[in-house]
Each structure stands twice: as C-alpha cells, then as structure tokens.
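Chemist: Generate a structure from the sequence data that follows.
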Amino acid sequence: MAETLLAASRTGDVAAVIAVLALVNGAVGIVIAPHGRLQLALTVTIEGERIAGYELIADPARLRQLDLAVLDLAVLGLASDRDGRGSAG
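Modeler: Predicted coordinates:
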C-alpha cells in the first residue's frame, strides 16, 4: 500500500490515493478507503510532540459508528505544488 500512495503522490493521481488525513471522532487520524469504501481508520494519540499511542480500527460495526471528517491539506498549508496551491515548508 505504501508504494501505491507514493506513486500516486508523485504522479498527482488523486483517484489512486486511498489513505487520507482525517479527524476520527474529533482526533487526528488517517482513514483508508479504497474505491471510496471505508476499510480502516487509524487514530493517533499525541502527547507533547510525540505519538503516544494509536488504534487501528477495522471492525465494520465500529467503522460505521465513527464520526469522520477528511482534512483539507490546502487549508492546513500542506498541499503539494502539483495542485497549484502551495506547499508546506
């Protein structure tokens, strides 16, 4: 999967990107949804400037109960130069 995401990021093929930064129940996380179908959610616990823990959620019943909001990288200043909206750094 990492190779697919890396290749998609290099070519700008947004349709191929299946993992996106999101809020998962109000916390920072990543959702993985190949072909638009939610398959996994990863929540991250941050303490200070470090990742203190994480939870990988794959159970379909739990996935249906999650409150998800995909984050817009352009708003966060993290969009790549390919899309003409700037980049972080």
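
Chemist: ok, which stretches of this structure are strands?
Modeler: With strands called from DSSP state E, the chain shows them at 19-24, 27-32, 40-47, 50-57, 68-70.

Chemist: Now do the contacts for the nearest residue to residue 70 once chain neighbours are set aside.
Modeler: Once its chain neighbours are removed from consideration, residue 70 has its nearest residue in residue 22; the separation is 4.8 Å (CB to CB, 6 or more residues apart in numbering). Any C-beta I mention is one placed from the backbone N, CA and C, and that applies to glycine too. The neighbourhood of residue 22, defined by CB atoms under 8 Å, 6 or more residues apart in numbering, consists of 29-31, 41, 68-71.

Chemist: bridging residues for residue 22?
Modeler: According to DSSP bridges, the residues that bridge with residue 22 are residue 29, residue 70.

Chemist: okay, it: pLDDT?
Modeler: Note on residue 22: pLDDT of 87.

Chemist: now swap in the one 10 residues further on and tell me
Modeler: According to the model's per-residue confidence, residue 32 sits at a pLDDT of 90.

Chemist: Residue 39 too?
Modeler: pLDDT, the model's per-residue confidence, is 90 for residue 39.

Chemist: Having no further points to raise, I will conclude here.
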